[in-house]
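Asks: After the sequence you'll find the predicted model.
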Amino acid sequence: MRLKITFKVLNKGTKFPFSYQPFISAWLYNTLANADPLLANFLHQKGYCLNNQKFKFFTFSKLYLHNFKTDSEFMQIFDEEVSLIVSGFVPMMLHKLFMGLFEQQKQLYWGNALYKLQLKVASVEILEPVKFTNTMRFSCISPMAVGKKEDNDPTRSKTQYLSPNDAEFARFFTLNLIDKYNAALEHGLLDPLPYLPQIVFKPLAQQVKQKLITLKKADTAGKDSKARAYLFDFELNAPADIVKLGYLGGFGRHNAMGLGMVKIFSEKTFKHN
């Protein structure tokens, strides 16, 4: 299930940070809490666990803008309206979010102490469902982060993020998707397949666009938590239920921070922004 949320911009001309994903993620949890505090707390604090991993099974798109200027770390927004798509594999989560949106009639703010975008929800639309097959082609509409751990190498950070052109990308993309599938099984969100699922990932072109996303601002003594993520097109061959899981819940890492959302690939209409 996917929702398209359109917002009226109340302070046209304001500056807004490029790494805005944490603001939207926090707002989604707060909005969900308006309708179901227990579910919001479960997703935020725990999620659908598998071993030491936590999956939230939702993601969101970039903020759709049309009239803006960029300046170093910020963009200046002149749109009358902006929009966002929220995608969730668990229908209850999106239904509760839908209810929470209608309870939230007041103004909302995204941003930091210096720069805030002031908005009000204008409309909410449930998007048409997709028919899933075993082989599908997708385009990223928010950057995808796929990484591997480097715990034994003191010269590297704990996670090394990979480009889709890296020889190891397909392997770690697949491992992440299999872990999500097993977590969904563990929590009764999917029925088990009668066979061991086979997953084949194939990038459609060598050209990719890189984004460095700030996931969390550090305190005065630390460093920001960042992810290197990529916009690209790809083909996925896997059981349809697993394709659906990735499409609705997000591919790769940090989905609840707005990474790994895709749309159906179209050679005619797709452009990376």
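Replies: Right, received. Where do you want to start?

Asks: Could you pull out the buried residues of the lengthiest helix in the chain?
Replies: Longest helix in the chain by number of residues (criterion: DSSP state H): helix 169-186. Neighbour counts using 16 or more other CB atoms under 10 Å place 169-170, 172-174, 176-177, 180-184 of helix 169-186 among the buried residues. For the C-beta atoms, the positions are set from N, CA and C on the backbone; glycine is no exception.

Asks: Contacts for that helix next, please.
Replies: 48-50, 53, 55, 57, 89, 146-148, 162-163, 190, 192, 197, 199-203, 238, 242, 245-246, 249, 251-253 (CB atoms under 8 Å, 6 or more residues apart in numbering).

Asks: How much space separates the residue lying closest to residue 56 once chain neighbours are set aside from residue 181?
Replies: Counting by CB to CB, 6 or more residues apart in numbering, residue 56 lies nearest to residue 256, which is 4.0 Å off, once chain neighbours are set aside. Separation of residue 256 from residue 181 (CB to CB, to the nearest Å): 18 Å.

Asks: returning to that earlier point: for the residue nearest to residue 56, grab the count of nearby residues.
Replies: Using other CB atoms under 10 Å, the number of residues around residue 256 comes to 23.

Asks: That one in helix, strand or coil?
Replies: Under DSSP: H, G, I helix; E, B strand; the rest coil, residue 256 falls in the helix class.

Asks: Next one: it from residue 266, what distance?
Replies: Counting by CB to CB - residue 256 and residue 266 are separated by 27 Å.

Asks: Low-confidence stretches in the protein?
Replies: 104-105, 150-157, 218-223, 267-273 (pLDDT under 70).

Asks: Grab the longest strand from this protein for me.
Replies: When the chain is parsed with DSSP state E, its longest strand is strand 116-126.

Asks: Give me the buried positions along the next helix or strand after that one.
Replies: Using DSSP states H and E, the helix or strand that follows strand 116-126 in sequence is strand 135-140. By neighbour count on 16+ other CB under 10 Å, the buried set for strand 135-140 is 136, 138-140.
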